[in-house]
Structures are given as structure tokens and as C-alpha cells.
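**Q** Below: sequence and its predicted model.
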Amino acid sequence: MISQIQQFEHHPDGTITLKGRPGVKLDLIKQQGLVTARAVEKELGLPQYFEEWELLAKHTGMSSRLVQFVVADESETALEGIPHFQPQNILLPPTCYLEFGHRCFIVGTVISLVLVRADSREGMKRMDCTIPAYVQGDCIVGTARLFASPLAGKTWEALQRGIFSHACPLVFRQPDEPAGTGRLVEVTLTTGDFPGCMNARILKMWE
């Protein structure tokens, strides 16, 4: 399954846009192009060609595998200008897709998104969710269920091996909205090379 959103186009001037969305301006990570990304494909033994990925991404339904993560907190981001996310000002959908490492392939569905106020973390423990001390201020916690697909299986392997250690929120905002706010449309599982939000880490996995 292919993401209808995270299809990136790289231009000669260094800018990056979303395919079919010329009016969308991306807030890029400040290390973009300066840091060598982890060779996820090589580590997981994934194929080279797009058509092969398409076959791996075909699913037969949902699996029993779940992953919980911090989507965003109020710490400094790695985006240009170093804005802070404002979790309380991000509109959360009832559900959204979970994507594989900004490769445009969907591997699951985010089934729960919860805004956790800084002063209500103790209450989350009753839901078997402990917010780590490094998380700053208010935060958003997401829980996703993986598809039953070969690529989702590789995703599970990446989570277990610590290759995927972070989540990355894709947030759309209007030009007049401040950085760090907007509407959450998708979440990506990614490596810790240069995450947009350093504290948006994987909390736990189970099946």
C-alpha cells in the first residue's frame, strides 16, 4: 500500500515538495542533506526496485503486532528555525496511516492518538503507558497496529533490532499558522539519524 501523501520530489535547487501538492511547503530538518542516513534497506535485506517494494507492501489485513510511541512533545525540533511542537494545538484525527521510513509505503494504521498533559502523566500509568522523564511538557502518544504484509514484517524486525527508534509526525499547517501547530495527517517510523523531534521515540511493542 502506497502513501497518498509522502511521495517526495527532490529539485535541483535543493527544495523538496510533495508530488501532486505544489502548494505545500515542507519544513525541512536542518541536517537534511548533511547527514548520511542509515542504510535501512541493506540492514533489513530489502530490495532495490520500487516494484518489488509494492509487492512487499501488499497486505492481507491486520496483524496482532502493536507499537506505541511519542508522536511529539514540546522540546526543540530539528526543523529549520528550531521551532517547538505545540501538541495542544495540533489537530488529531481519529486514525491515520503508519508509514515506513519516509519511503512512501504504508505498513499499518495508527489506532489511537492521545494528548497527554504534562500534569496528567500519572493517569497514563493506569492505561499501562509510562511517559519517560525525557519527554518535555505536553505530548502526543500514538498506538499503531501493523498490517499483515511482508514489509510490515520487516518493520517489526526493524523495531525489535532498534533500527526504527523514532516516530515522525507529518503535520499540515496553513501559511498563517505558526510552526509547531497544524493537522496531523500521517506518522512515520524512522531511524534516530536526524529525527524531526528527538523525543518522539518508540515506547514499547507487543503482540
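**A** Everything's here; your move.

**Q** burial count for the closest residue to T143 other than its chain neighbours?
**A** Spatial nearest neighbour of T143, excluding adjacent residues (C-beta to C-beta, 6 or more residues apart in numbering): S112 at 4.2 Å. C-beta: built from backbone N, CA, C; applies to glycine. Neighbour count for S112, taken as other C-beta atoms under 10 Å: 15.

**Q** got a list of what S112 touches?
**A** With contact taken as C-beta atoms under 8 Å, 6 or more residues apart in numbering, S112 is in contact with 141-143.

**Q** what does V71 give?
**A** Taking C-beta under 8 Å, 6+ apart, one finds 87, 113, 139-142, 167, 169, 184, 187, 200 in contact with V71.

**Q** just the residues you listed now: which is nearest A148?
**A** Lowest distance from A148 to these (C-beta to C-beta) belongs to V187, with 19.2 Å.

**Q** gap between stretch 42-50 and the chain center?
**A** Put simply, stretch 42-50 sits 20 Å off its chain's centre (C-alpha atoms, centre = their mean, to the nearest Å).

**Q** repeat for stretch 48-68
**A** 16 Å.

**Q** And for stretch 90-106?
**A** So, by C-alpha atoms, centre = their mean, the centroid of stretch 90-106 is 6 Å from its chain's centroid.

**Q** Need the mean per-residue confidence for that stretch.
**A** On average, the pLDDT along stretch 90-106 is 94.

**Q** Now it: buried residues?
**A** 90, 92, 96-106 (16 or more other C-beta atoms under 10 Å).

**Q** before we move on, what about stretch 159-176?
**A** Across stretch 159-176, burial judged by 16+ other C-beta under 10 Å covers 159, 163-171, 173.

**Q** ok, which stretches of the chain are strands?
**A** Secondary structure of the chain (DSSP state E): strands at 8-10, 16-18, 62-72, 90-91, 96-100, 106-116, 139-147, 166-172, 182-190, 202-206.

**Q** Flag the shaky bits of this structure, pLDDT-wise.
**A** For the chain, the stretches with pLDDT under 70 are 4-11, 13-36.

**Q** Thank you kindly, that will do.
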